[in-house]
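Visitor: Attaching a predicted model along with its sequence, questions to come.
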Amino acid sequence: MGCLGAFLFLLGGLGALAKFWDIPGEDSKLQERLGQHLLPWMDQLSLEHLNPSIYVGLRLSSVQAGAKEALYLHHLKLDYQQNLLGSGTSNSDSEKPSMGQLALYLLALRANCEFAGGRKGDRLVSKLKRFLEVEKKAIGHNHRGHPNTSYYQYGLGILALCVHQKRLHDSVVGKLLYAVEHGLRLPWGPLSVDTAAMAGLAFTCLERSNFNLNQRNQIIRAIKTVQDKILKAQTPEGHFGNIYSTPLALQLLMTSPTIEGELSIACLKARAALLASLKDGAFQNILMISQLLPVLNHKSYVDLISPDCLEPRVMLELTTETPSQIPVPEVISVMLQVFSVWPPYTHFISVPAGSSLEDVLKKAQKLGGFIYGTQASMSGPYLTSVMGKEAGKREFWQLLQAPDTPLLQGIADYRPKDGETIELKLVSW
């Protein structure tokens, strides 16, 4: 029941008949509008652009893409199995899907009511299990280490195997339990809201599936710990952590079996904040849309334990807007700075208004004196090198709005304003 139940409880006392996520008027079409935003991405069927989260988000929503969905899943199966099992055309590990992408691929199979089976399916499951074992060793027996990837991918891997009814050793689950229980005292600081939410979804799946019974009490406590952390992270505007971590946080809170005053109030605030953000066009990133669509349909990734593949869904239609008059774009100037290299780079870059930060970087590279490199990810391209300097194993290129405000969006989604200063900073973690 969770957020949904709490809201219904409160409204019931007032004699209201509305459901928590039922949005009246024009907002009732939100799922369709968000789903339409994903349709062009479903035509990009190269391995680089395939994104299992798109398929999962649509299957857990009330909208569908018809034959596009079947074709998309076909290409996911073909390319992921070939490249992850060694028969694909990728020349290096960097060109192959990551273990996080493999976990999302397994979620996509369950979203189609399939279990990973047969020789290929068993090999993929074994591959993900080995990944978790490697990450467990990297964390270390004293928990002073850190996963080679992240605790987010660690939790996602546990969730993916759980919904496929694959059991994991207590020692693997125990590393995530320790990270949640001792998050504030870990050497690198507390877990982020989206990481905590993913861990909570994994624990909820284990609890509902009656897995790891020796750790059941710890798992139940960890779910409550994560829920409390998310509630404490709510901003005055209503977001949990920030706007982009809110959908996954809500997925977890909606799985809560209890009704509590604080939980219901927090859900109300989050609903209002999300609606305001949606109307402002904040959700353009496909991963965030994919995580939000299930929330708007009262579902979460935990529902993949037993998905309903016969539930009717509305067919999406691709809409195209044809403005009668194309205005001349306004030109803006953005200051781009890099102080993590020598000599430092500082330059004004002129681009059309509405350009993304990636457009700014492309223009800077075209002008000369600036180079950068990116790598594809589930949430879009991210910087891997600037001015020839590669980010190391425990480093990343941070995007800052000068002087020191971290950007919440990636280079493909953030749109600088005229006169804004953007710094690319190499930081360690």
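Guide: Looks like it came in fine.
Visitor: Residue 150 versus residue 415, what's the distance?
Guide: According to CB to CB, to the nearest Å, residue 415 and residue 150 sit 27 Å apart. For glycine as for every other residue, the C-beta is placed from the backbone atoms N, C-alpha and C.
Visitor: Okay, residue 194 and residue 334: tell me how far apart.
Guide: Plainly put, residue 194 is 28 Å away from residue 334 if you go by CB to CB.
Visitor: do residue 264 as well
Guide: Using CB to CB, residue 264 is found at 43 Å from residue 334.
Visitor: now residue 120
Guide: 47 Å.
Visitor: Compare these two (neighbour count), which wins?
Guide: Counted by other CB atoms under 10 Å, residue 120 and residue 334 do not tie: residue 334 has more neighbours, with 22 against 16.
Visitor: Test my guess that that one contacts residue 423.
Guide: No: counting by CB atoms under 8 Å, residue 334 does not reach residue 423; the two are 11.3 Å apart.
Visitor: how far away is the residue lying closest to residue 353 once chain neighbours are set aside from residue 64?
Guide: Among residues not flanking residue 353 along the chain, residue 330 sits closest, at 4.1 Å (CB to CB, 6 or more residues apart in numbering). For residue 330, the distance to residue 64 equals 39 Å [CB to CB].
Visitor: repeat for residue 304
Guide: 17 Å.
Visitor: the more surrounded of these two?
Guide: residue 304 (26 against 17).
Visitor: Wait, a helix at the more buried one?
Guide: Yes: the assignment for residue 304 by DSSP: H, G, I helix; E, B strand; the rest coil puts it in a helix.
Visitor: helix or strand right after the helix ranked longest in the chain?
Guide: The longest helix of the chain (DSSP state H) is helix 118-139. Sequence order places helix 151-163 as the next helix or strand after helix 118-139, per DSSP states H and E.
Visitor: tilt between that next one and helix 118-139?
Guide: Going by axes from the mean of the first three to the mean of the last three CA atoms, to 10 degrees, helix 151-163 is angled at 140 degrees with respect to helix 118-139.
Visitor: which residues are contacting helix 151-163?
Guide: Defining contact as CB atoms under 8 Å, 6 or more residues apart in numbering, one finds that helix 151-163 is touched by 98-100, 102-104, 106-107, 110, 125, 128-129, 131-132, 135, 147, 167-168, 172-173, 175-176, 179, 191-192, 194-195, 198-199, 201-202, 205-206, 209, 211, 301-302, 304-305.
Visitor: coming back round to it: pull out the buried positions in the longest helix of the chain.
Guide: Buried residues in helix 118-139, counting neighbours by 16 or more other CB atoms under 10 Å, are found at 120-121, 124-125, 128-129, 131-132, 135-136, 139.
Visitor: Mind jotting down where the helices sit in this structure?
Guide: Going by DSSP H, the chain shows helices at 2-13, 30-38, 52-59, 67-84, 99-111, 118-139, 151-163, 170-181, 193-208, 216-232, 246-253, 261-279, 286-296, 357-367.
Visitor: Including mean pLDDT, could those helices go into JSON lines?
Guide: As requested, these are exported to JSON lines (pLDDT from 0 to 100):
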{"stretch": "helix 2-13", "mean pLDDT": "45"}
{"stretch": "helix 30-38", "mean pLDDT": "90"}
{"stretch": "helix 52-59", "mean pLDDT": "96"}
{"stretch": "helix 67-84", "mean pLDDT": "93"}
{"stretch": "helix 99-111", "mean pLDDT": "95"}
{"stretch": "helix 118-139", "mean pLDDT": "95"}
{"stretch": "helix 151-163", "mean pLDDT": "97"}
{"stretch": "helix 170-181", "mean pLDDT": "96"}
{"stretch": "helix 193-208", "mean pLDDT": "97"}
{"stretch": "helix 216-232", "mean pLDDT": "95"}
{"stretch": "helix 246-253", "mean pLDDT": "94"}
{"stretch": "helix 261-279", "mean pLDDT": "85"}
{"stretch": "helix 286-296", "mean pLDDT": "91"}
{"stretch": "helix 357-367", "mean pLDDT": "93"}
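Visitor: mind giving me CSV with the ones you listed and columns for distance to residue 419?
Guide: Formatted as CSV, the helices of the chain follow (distance: least, CB to CB, whole Å):
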stretch, distance to residue 419
helix 2-13, 40
helix 30-38, 29
helix 52-59, 35
helix 67-84, 41
helix 99-111, 37
helix 118-139, 44
helix 151-163, 35
helix 170-181, 42
helix 193-208, 31
helix 216-232, 36
helix 246-253, 29
helix 261-279, 24
helix 286-296, 27
helix 357-367, 13
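Visitor: For residue 310, find the nearest of these.
Guide: Smallest distance to residue 310 across these (CB to CB): 11.9 Å, for helix 52-59.
Visitor: and the angle for that closest one with helix 30-38?
Guide: With the same axes, to 10 degrees defining the directions, helix 52-59 sits at 150 degrees from helix 30-38.
Visitor: Extract the C-alpha trace of the longest helix of the chain and format it as PDB.
Guide: Written as PDB, here are the backbone C-alpha positions of helix 118-139 (Å, rounded to 0.1, in the frame of the first residue of the first chain):
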ATOM      1  CA  GLY A 118      18.400 -22.200 -21.500                       C
ATOM      2  CA  ARG A 119      22.100 -22.300 -22.000                       C
ATOM      3  CA  LYS A 120      22.500 -18.600 -22.900                       C
ATOM      4  CA  GLY A 121      20.200 -17.400 -20.100                       C
ATOM      5  CA  ASP A 122      22.100 -19.500 -17.600                       C
ATOM      6  CA  ARG A 123      25.400 -18.100 -18.800                       C
ATOM      7  CA  LEU A 124      24.200 -14.500 -18.400                       C
ATOM      8  CA  VAL A 125      22.900 -15.200 -14.900                       C
ATOM      9  CA  SER A 126      26.300 -16.800 -14.000                       C
ATOM     10  CA  LYS A 127      28.100 -13.800 -15.500                       C
ATOM     11  CA  LEU A 128      26.100 -11.400 -13.300                       C
ATOM     12  CA  LYS A 129      26.700 -13.600 -10.200                       C
ATOM     13  CA  ARG A 130      30.500 -13.600 -10.900                       C
ATOM     14  CA  PHE A 131      30.300  -9.800 -11.200                       C
ATOM     15  CA  LEU A 132      28.800  -9.500  -7.800                       C
ATOM     16  CA  GLU A 133      31.400 -11.900  -6.400                       C
ATOM     17  CA  VAL A 134      34.200  -9.700  -7.800                       C
ATOM     18  CA  GLU A 135      32.600  -6.600  -6.400                       C
ATOM     19  CA  LYS A 136      32.200  -8.400  -3.000                       C
ATOM     20  CA  LYS A 137      36.000  -9.000  -2.900                       C
ATOM     21  CA  ALA A 138      36.700  -5.400  -3.900                       C
ATOM     22  CA  ILE A 139      34.700  -4.300  -0.900                       C
END
